[in-house]
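1. Sequence and predicted structure are below.
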Amino acid sequence: MTSSSGERMLDVRGLTVRFPTSDGIVQAVSDVSFALSRGETLGIVGESGSGKSVSNLAIMGLLNRARTVISGEVEFKGRDLLTLPPDELRKVRGKEIAMVFQDPFACLHPMYRVGAQIAEAFTAHSDAGKHAAWSRAVELLDHVGIPNAKSRARDYPHQFSGGMRQRAMIAMALVHNPDILICDEPTTALDVTVQAQILELIEDVKREFDIGVILVTHDLGVVAETANSVMVMYAGRVMEYGPAAEIFRHPQHPYAWGLLDSMPTIERRLDALVPIEGSPPSLLAPPSGCPFHPRCPYRFEPCATKLPPLKVPADGAHLDACHLPYDKKVELGAQRAKKVAA
Amino acid sequence: MAFYIARRLFWTAIVVAAVIAITFVVFYLLPAGDPALRFAGKNPNAQQLDLIRHRLGLDQPWYIQFFKFIKNFFTGDQYGWPGLGYTFAGQSSVLHLILDRAPRTLLLIAGAAVIWLFSGVTIGIISAVRRRTIIDRAAMGFALFGISAPVFWLGLMGLYIFWRQLGWSSGTGYVSPADSITGFIGHMWLPWVVLAMLYAAFYARMTRNNLLETLGEDYIRTARAKGLTERQVIFKHGLRASLTPIVTMFGLDIALLVGGAVITESVFNLQGLGYLAINGATTQDLPTVLGVVLLAALAVALMNLVVDILYAFIDPRVRYA
Ligand SMILES: Nc1ncnc2c1ncn2[C@@H]1O[C@H](COP(=O)(O)OP(=O)(O)OP(=O)(O)O)[C@@H](O)[C@H]1O
Ligand SMILES: [Mg+2]
């Protein structure tokens, strides 16, 4: 397999996920499209419930197909993962696409040794013997920075700290040198000091293994530091999507402004934070028009009735889904930048 | 670990001694009449009664009898070790009586336990994996039936259908496997099934619920994310965590039945330990009752210890705590 940085690996088009429940249909993800290349880190941000996890679980085929309605396309190496037979998809999971989850305390089986769980990830897709699999587990634990990996591999998860468990999860994800590593809020459950180490580890791993990373997070600061491109999600929809530098320099969507203004930075004191008023809508009965319009300070006539399409509003801009005319966005964006600087 | 076991054994001894003491007290406080009257024939005079009481040791206060009982237990008596004394009724050895009857009860429990463990856990797994299908509903319907059907009713219905009507069972009574292995099984299979029914129903429900709960855990999602097959996910990762509490319950259920299979024993006229205990209680035969109570209490206490040790082997979080 040749691997060159920049090669397009994943193409998600029109991904839509619905959960039929007894209360009605939960429209968790609506028409989400994005792409990922080798060596790229895509940051996915958005408030709780915006469909970040569900999107990624759908890509991994980890949603129960019997109780979920999924449509769209997830093209990976020329195949559509959404229509792949379950056993074919299983061969992709953990081998070509691996995932690290939010809560390392709950994600490791409490009754098996850490090393055994990593070794198992190896034997799941290879005929290697027990011994070889164990060596691989130790090798990777060592690689992700677990001291005394050889003896620590024999420990049970409860003997590991949170940060070590997340390292073990990353080791587990790497056993087959995957093409894509999906990290769903990998640091949310960890201490602040450990968070930075884990993010650094993910960055190192990305470079060394030359993989594409999807990094889901609430923390825009994390995205600003590591992501090449950013996708802002709200109520299951893409609000804004583009290169990270542009998103942070010229954010176009009022929701993105809201997220940025509510994010603590070194310059901004905590009491200067402006939270977004209100809360995300129910996905059982999402608002008509733009899902963000009930909370948007700049809403005007079409917002409540017409869904804004995701498009590039002008030359040199990036994708957003907002009815505001581009000039207006530039003007409001400039005002906002001045306020932040002041 | 050795210290832990020694400490637990010490407490086991205390608990068993307390159970015996309570049995003594109940026996003396319950106004059930004078046991001596039973052995004195018609119209006994006071002298005869005193003689009998003296012979049975009933003329001493209960605590003296208690300590004698304990002492004999450890030192043994003329019938061997452990000394359990002799029955009021037949003046025969309680130890021999128990050794004679215990195999009936223990074999009843063993057969039933094998049946309920395998059928209960299997049904529970199938139910969980096929959740909300007809199979699941049928299995849980069976479980509800098994839990609510009284054992004596099940036993009588079973006898009527499989013995009287179909002739598949050899009916009530007990045949030792040493005498005839086919006769043993012919008599025992129905009581095994009847006794197992209630437990199988409980175990099926518990296995199903535990497994469903476990399958919702984050580490199951991790197992799937690794690319394990659904079979590996359920049987390795799911069952490992959901069967642990069942092991505990299994040990205690078996132990409790040593003195608690009375209804099954009597419906099928097996005359095991339960029969001894009931007979002893109704004829106020204190030594017999004490013998069975002692055995039942020991079974529960020791099984408790075994289960705790086993638990530590199964669950690393307990072992390293
Ligand atoms: N199995 C399910 N059945 C019904 N609704 C679901 C199911 N799974 C997720 N949802 C709903 O889908 C929506 C999106 O959830 P998702 O977990 O993707 O959010 P998220 O962006 O990852 O949020 P967070 O930041 O809190 O992790 C939520 O409203 C959630 O309640
Ligand atoms: Mg999430």
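-> Thanks, I have the structure now. Ligands and ions are numbered 1, 2, ... in the order given.
2. What is the burial count for the residue of the stretch 101-250 of chain A found nearest chain B?
-> The minimum distance from the stretch 101-250 of chain A to chain B, using CB to the nearest CB, falls at A:Ala106 (3.8 Å). Yep, even glycine has a C-beta here, placed from its N, CA and C like the rest. A total of 17 residues lie near A:Ala106 under the criterion other CB atoms under 10 Å in any protein chain shown.
3. just B:Leu290 next, same as before
-> Other residues near B:Leu290 come to 24 when the count uses other CB under 10 Å.
4. The residue of the stretch 101-250 of chain A closest to chain B and A:Thr41: what is the separation?
-> Relative to A:Thr41, A:Ala106 is positioned 25 Å away (CB to CB, to the nearest Å).
5. Check A:Leu181 too.
-> Applying CB to CB, one obtains 10 Å for the distance of A:Leu181 from A:Thr41.
6. Check A:His293 too.
-> Computed with CB to CB, the distance linking A:His293 and A:Thr41 is 31 Å.
7. quick one on the thing from earlier: hey, what's in contact with both of A:Leu181 and A:Thr41?
-> With contacts defined as CB atoms under 8 Å, 6 or more residues apart in numbering or on different chains, the residues adjacent to both A:Leu181 and A:Thr41 are A:206, A:212-214.
8. what's the closest of these to B:Gly280?
-> For B:Gly280, the closest of the shared contacts of A:Leu181 and A:Thr41 turns out to be A:Ile214, at 73.1 Å, with distances computed as CB to CB.
9. where exactly do the helices run in the stretch 201-342 of chain A?
-> Under the criterion DSSP state H, counting those that start in this stretch, the stretch 201-342 of chain A contains helices at A:220-226, A:244-249, A:254-261, A:326-341.
10. ok, B:Leu256 - contacts?
-> Neighbour list for B:Leu256: B:Val300 [criterion: CB under 8 Å, 6+ apart].
11. how far does the strand or helix carrying it sit from the chain's center?
-> With elements taken from DSSP states H and E, the one containing B:Leu256 is helix B:239-257. Taking CA atoms, centre = their mean, to the nearest Å, the mean C-alpha location of helix B:239-257 is offset from the chain mean by 14 Å.
12. Ligand 1 contacts on the stretch 1-150 of chain A?
-> For the stretch 1-150 of chain A, the residues in contact with ligand 1 (CB under 6 Å from any ligand atom) are A:19, A:21, A:26, A:28, A:46, A:48-54.
13. Repeat the analysis, applying 5 Å as the threshold.
-> A:19, A:26, A:28, A:48-54 (CB under 5 Å from any ligand atom).
14. Considering the residues you listed, which possesses the most neighbours?
-> Each of those was scored by neighbours using other CB under 10 Å; the highest score is A:Ser50's, at 26 neighbours.
15. and the nearest residue to it once chain neighbours are set aside, what is it in contact with?
-> Closest residue in space to A:Ser50, ignoring its immediate chain neighbours: A:Met233 at 4.3 Å, by CB to CB, 6 or more residues apart in numbering or on different chains. Counting by CB under 8 Å, 6+ apart, A:Met233 touches A:32, A:44-46, A:50-52, A:55, A:239.
16. was I right about B:Ser127 contacting B:Asp136?
-> Yes: under the criterion of CB atoms under 8 Å, B:Ser127 is in contact with B:Asp136, at a separation of 4.7 Å.
17. Pull up the overlap in contacts between these two.
-> Overlap of the contact sets of B:Ser127 and B:Asp136 (by CB under 8 Å, 6+ apart) consists of B:Arg208.
18. The two: which is more packed in?
-> Using other CB under 10 Å, the more surrounded residue of B:Ser127 and B:Asp136 is B:Ser127, with 26 against 17.
19. residues of stretch B:208-224 that come out buried?
-> For stretch B:208-224, burial by neighbour count (16 or more other CB atoms under 10 Å in any protein chain shown) applies to B:208, B:210-212, B:214-215, B:217-224.
20. Save the residues you listed as TSV, and put in pLDDT and distance to ligand 1 too.
-> Putting the buried residues of stretch B:208-224 into TSV (pLDDT from 0 to 100; distance: CB to the nearest ligand atom, whole Å) gives the following:
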residue	pLDDT	distance to ligand 1
B:Arg208	95	20
B:Asn210	95	21
B:Leu211	95	19
B:Leu212	94	15
B:Thr214	94	17
B:Leu215	93	13
B:Glu217	93	15
B:Asp218	94	13
B:Tyr219	96	18
B:Ile220	96	14
B:Arg221	95	12
B:Thr222	96	16
B:Ala223	96	18
B:Arg224	95	14
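21. if I look at B:Arg7, how far off is B:Val292?
-> B:Arg7 is 28 Å from B:Val292, where distance means CB to CB.
22. which of these two has more neighbours?
-> A count of neighbours by other CB under 10 Å puts B:Val292 above the other of B:Arg7 and B:Val292, at 29 against 10.
23. Give me the phi and psi for the more buried one.
-> Dihedral angles phi and psi of B:Val292 (degrees, to the nearest 10) take the values phi -70, psi -40.
24. Let me know the pLDDT of it.
-> According to the prediction, B:Val292 has pLDDT 91.
25. Verify the contact between it and B:Gly280 for me.
-> Yes: counting by CB under 8 Å, B:Val292 touches B:Gly280, with 6.8 Å between them.
26. and chain B, what are its domains?
-> By the record's domain assignment, chain B is partitioned as B:16-75, B:95-314 (automatic domain parsing).
27. which one of those domains has the lowest average pLDDT?
-> Among the domains of chain B, domain B:16-75 carries the lowest mean pLDDT, a mean of 78.
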